[in-house]
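Q: Take this sequence and fold it.
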Amino acid sequence: MDKNHLTLTSSEIGSLWMEYVNGTMTDIVNRYMFSIIEDTAIKNIFDDALKTFEKQKNQLATFMENEGYPVPIGFTESDLHKGSEKLFSDQFCLIYLHVMTLHGLLGHTSSLSISVRKDLREFYDACGNDGKRMYHQTIELMLEKGIFQRDPIFYPTKAPEYVSSQDFKDGFFGKGRRLTATEIISISFNLKKSIMAKALSIGFSQVTQSKEVRKFLENAEKTIDNQIQSLSKIMHKDNLPVPKSIETEVTVSTNSPFSDKLMLYHIGFLFQTAQVYQGTGLATAMRTDLVTTYEGIILKNLTVTKKWFNLMVQNKWLEQPPLAPNRKELAKEK
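A: The predicted model follows:
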């Protein structure tokens, strides 16, 4: 086997396809935000993000073209309405870039983990380094501006301790003890992403042209808010702080900067990725009320995602990924 000339596998092609479609979506939003941002420091980071993706986009397209696959349509100039009013504050734009950088980092890592061919591994490794640079830049600037919300602070015990039946009632699960630091990892992560997604849903629902899309976005916003309240309630029981909302960072503009296709796809993307992180939270939860909360959130997200899928297909907005060969149909052609 010539390891330098391996044909890309279905998983590798799938990762390239997803990176391209999701990357072009985020790039359109970043380009709009770059055009409305007034703060020079924030604008500079967005400029870096735009140049970085342009390089990645060209390489993604080259990989697929060299394997004989059509480059996906993704999102293009037609999805960006230039000259639109300011829909988000500079602060929200920075928070958005930070959260989407987290999504990108995890996406690049997943793509790297299923890649075998050396040139593809090196590409995703470079993408990961770009994401890390962006992560550091966004955090540093958010800390400088006093808008980065740190997770709750714990105080150290004198010595390591073992779990006892008194601390964890009902065997491995129970309500009679405080949250663990490992459980708070997922709670805080999910809260921060949901808070951004809620504000984004509010902004999109203000400017969409379609009544059906607006109805979906308004229901999505309510669903996200209920999930925020559920996780916040658990934190409040232990007198722990939760991240503040950022709805006020959305202006009152009703002038749409994006196509309805992009806005609907974006919120669906956030619901889909949220299920991954909420599933991780469920896997690490060791308290009955937390397990029940995550189960309810995941089931509700599945319902929302189904409605999203139907609406995307109804409008012919959902691009089809590469499919496995239909052997039965091929046999019929003989």
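Q: For the rest of this, base every contact and every neighbour count on C-alpha atoms.
A: Fine.
Q: Just the pLDDT for residue 4.
A: According to the prediction, residue 4 has pLDDT 59.
Q: Could you pull up the residues touching residue 102?
A: 131, 135 (Cα atoms under 8 Å, 6 or more residues apart in numbering).
Q: how about it, secondary structure?
A: helix (DSSP: H, G, I helix; E, B strand; the rest coil).
Q: Poorly predicted segments of the stretch 101-250 of the chain, please.
A: Across the stretch 101-250 of the chain, the stretches falling below the confidence threshold (pLDDT under 70) are 165-176.
Q: Please enumerate the helices of the chain.
A: In chain order, the chain shows helices spanning 10-36, 40-66, 90-113, 118-145, 181-207, 211-237, 260-284, 288-314, 327-332, with DSSP state H as the criterion.
Q: Of these, which is nearest residue 161?
A: Evaluated over these, closeness to residue 161 peaks at helix 181-207, with 13.6 Å, by Cα to Cα.
Q: so what's the closest residue to residue 210 other than its chain neighbours up against?
A: With Cα to Cα, 6 or more residues apart in numbering as the criterion, residue 210 has its nearest non-adjacent residue at 7.1 Å, and that residue is residue 260. Contacts here follow Cα under 8 Å, 6+ apart; on that basis residue 260 touches 208-210, 213.
Q: how near is residue 260 to residue 78?
A: Between residue 260 and residue 78 the distance is 11 Å, computed by Cα to Cα, to the nearest Å.
Q: go on, residue 7?
A: In this view, residue 7 and residue 78 are 34 Å apart by Cα to Cα.
Q: about what we covered before: quick one, which of the helices of the chain is packed in tightest?
A: Sort the helices of the chain by mean neighbour count, taking mean count of other Cα atoms under 10 Å, and helix 181-207 sits at the top with a mean of 21.
Q: Specify the angle between it and helix 260-284 in degrees.
A: An angle of 160 degrees separates the directions of helix 181-207 and helix 260-284 when computed by axes from the mean of the first three to the mean of the last three Cα atoms, to 10 degrees.
Q: same for helix 181-207, what does it pack against?
A: Helices and strands touching helix 181-207, by 3 or more Cα pairs under 8 Å, 6 or more residues apart in numbering; DSSP states H and E, are helix 90-113, helix 211-237, helix 260-284.
Q: Mind putting those helices into CSV with distance to residue 32?
A: Conversion of those to CSV gives the following (distance: least, Cα to Cα, whole Å):
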stretch, distance to residue 32
helix 90-113, 10
helix 211-237, 20
helix 260-284, 13
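Q: Share the number of residues neighbouring residue 39, please.
A: Applying other Cα atoms under 10 Å, we find 12 residues neighbouring residue 39.
Q: Could you verify my assumption that it touches residue 89?
A: No - with contact defined as Cα atoms under 8 Å, residue 39 and residue 89 do not form a contacting pair (10.0 Å).
Q: need the helices of the chain in CSV with distance to residue 163, can you?
A: Written out in CSV, the entries for those read as follows (distance: least, Cα to Cα, whole Å):
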stretch, distance to residue 163
helix 10-36, 41
helix 40-66, 45
helix 90-113, 32
helix 118-145, 35
helix 181-207, 14
helix 211-237, 21
helix 260-284, 15
helix 288-314, 16
helix 327-332, 54
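Q: closest to residue 252 out of the ones you listed?
A: Among the helices of the chain, helix 181-207 sits nearest to residue 252 (Cα to Cα), with 7.9 Å.
Q: Can you give the distance of the closest one from its chain's centre?
A: Centroid displacement of helix 181-207 relative to its chain, using Cα atoms, centre = their mean, to the nearest Å, is 10 Å.
Q: and the angle for that helix with helix 211-237?
A: Here helix 181-207 runs at an angle of 150 degrees relative to helix 211-237 (the same axes, to 10 degrees).
Q: Helix 288-314 and helix 181-207, what's the angle between them?
A: In terms of direction (the same axes, to 10 degrees), helix 181-207 departs from helix 288-314 by 30 degrees.
Q: re earlier: out of the helices and strands packed on helix 181-207, nearest to residue 248?
A: Residue 248 lies closest to helix 90-113 among the helices and strands packed on helix 181-207, at 9.3 Å (Cα to Cα).
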